[in-house]
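1. predicted model follows, preceded by the sequence.
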Amino acid sequence: MAPPGIQPHSSAGQVNAPAGVEGMFQQILQAVQKSHIEIADLRQECAELRLANGSLERQIREGLQVIATTRFMDAIVTLISPL
């Protein structure tokens with residue numbers, strides 16, 4: 001029988017580790033897995049935001065072109081109106 005706090009392993013040649021250490025190792029592995037999932041989620045969100053940003057930039061450029069064209073046309077109409 002193993003001493004208190006030590007869990008025997010069935011595999012031959014393995015060193016017995018305290019149950020607390022195994023528990024901590026499992027917690028660390030779970031934290032690392034959770035971190036990887038969160039990082040993947042953030043990368044996906046970042047990619048989506050980049051696409052949305054590009055779309056907004058395109059809309060702004062197109063809007064500015066429309067405004068510039070409209071003002072240019074208004075200026076031409078103003079210049080030729082008195083004639």
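-> Now that the structure is in, tell me what you want to look at. Numbers count the residues shown, from 1 in each chain.
2. would you map the strands across the chain?
-> In the chain, the strands defined using DSSP state E lie at 6-7, 17-18.
3. confidence-wise, which of those strands is weakest overall?
-> Looking over the strands of the chain, mean pLDDT reaches its minimum on strand 6-7, with a mean of 52.
4. ok, the residue positioned nearest the centre of the chain to residue 35 distance?
-> The C-alpha lying nearest the average C-alpha coordinate of the chain belongs to residue 42 (C-alpha atoms, centre = their mean; 1.9 Å). Residue 42 sits 10 Å away from residue 35, taking C-beta to C-beta, to the nearest Å as the criterion. The C-beta positions use only the backbone N, C-alpha and C, and glycine is treated the same way.
5. low-confidence stretches in this structure?
-> For the chain, applying pLDDT under 70 flags the ranges 1-17, 82-83.
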